[in-house]
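*Asks:* Here is my input, please return the structure:
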Amino acid sequence: MRAVLWDMDGTLVDSEKLWDIAMHALYARSGAVLTPEVRESTVGGSAETVMRIVYDDLGLDPDPAAMAESADWLHDYTGELFEQGLPWRPGAKEMLDGLTSAGVPMALVTNTRRGLTERALKSIGSHYFTVSVCGDEVDRAKPAPDPYLRAAHLLGVPVEHCLAVEDSVTGTASAEAAGCPVLVIPNDVEVPVGARRRHAETLGALDVSDLRAIHAELAAVTDVRSA
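*Replies:* Numbers count the residues shown, from 1 in each chain. Purely as a prediction, here's the structure:
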């Protein structure tokens, strides 16, 4: 394990709760109610993906300009909530501090737009990350592998030597498609088990040596399959 690639929303910070508030407010603008099922389907998605789901659910004409305006409104609303402070997920800050002390490079890999990510980084601390990759900076956002491939490239570390930490189905699929072993810390959405992923209830029960062991175990699974 030469680097750790972090998802942001729901993994490092409990911002999904704030996205919940913003999504319900977006639906209220149309006089509609957001169902738990639709909300779950949007978790971890890019702005474009979320808007396609919302407009389809509301039966609205998928006009690109209207969808872009809705996405902008949603991100502005969420940004105002972010400015009030982001609650850490259990053990997340301690793990960032531990990896920093151990000299392990880290990247932030998120489907969130750059503007909103920068607002979040004011709360999280941009000093933890050598690089960050946002959903609006790649050709294809998660679940495509592009964000993780770009992060590994910017770090100069082969993707198989990186450990991704994720909380969603979308993000886990992205990391795996890039060839990256994944530590899954589920938040509100259940993530299926898989050979290239290890689940843990909380980062609070782990330390840097545990991450190294998890990466080594998952890398060994890949090596056996390749043999």
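
*Asks:* can you count the residues close to Glu80?
*Replies:* 12 (other C-beta atoms under 10 Å). C-beta here means a position set from N, CA and C on the backbone, and glycine is covered the same way.

*Asks:* and what of Gly103?
*Replies:* 6.

*Asks:* Report the separation between it and Val4.
*Replies:* Gly103 is 12 Å from Val4, where distance means C-beta to C-beta, to the nearest Å.

*Asks:* what do you get for Trp88?
*Replies:* Applying C-beta to C-beta to Trp88 and Val4 gives a distance of 16 Å.

*Asks:* With neighbour numbers in mind, choose between these two.
*Replies:* Val4 (23 against 15).

*Asks:* I'd like the average pLDDT over the helix or strand harbouring that one.
*Replies:* Element membership for Val4, per DSSP states H and E: strand 3-6. Averaging pLDDT along strand 3-6 yields 98.

*Asks:* Could you give me the buried positions within the least confident helix or strand in the chain by mean pLDDT?
*Replies:* Ranked by mean pLDDT, DSSP states H and E, the weakest helix or strand in the chain is helix 208-226, scoring a mean of 85. Within helix 208-226, the residues scored as buried using 16 or more other C-beta atoms under 10 Å are 208, 211, 214-215, 218-219.

*Asks:* From the recorded domain assignment, give the ranges for the chain.
*Replies:* 3-14+88-224, 16-84 (the TED database).
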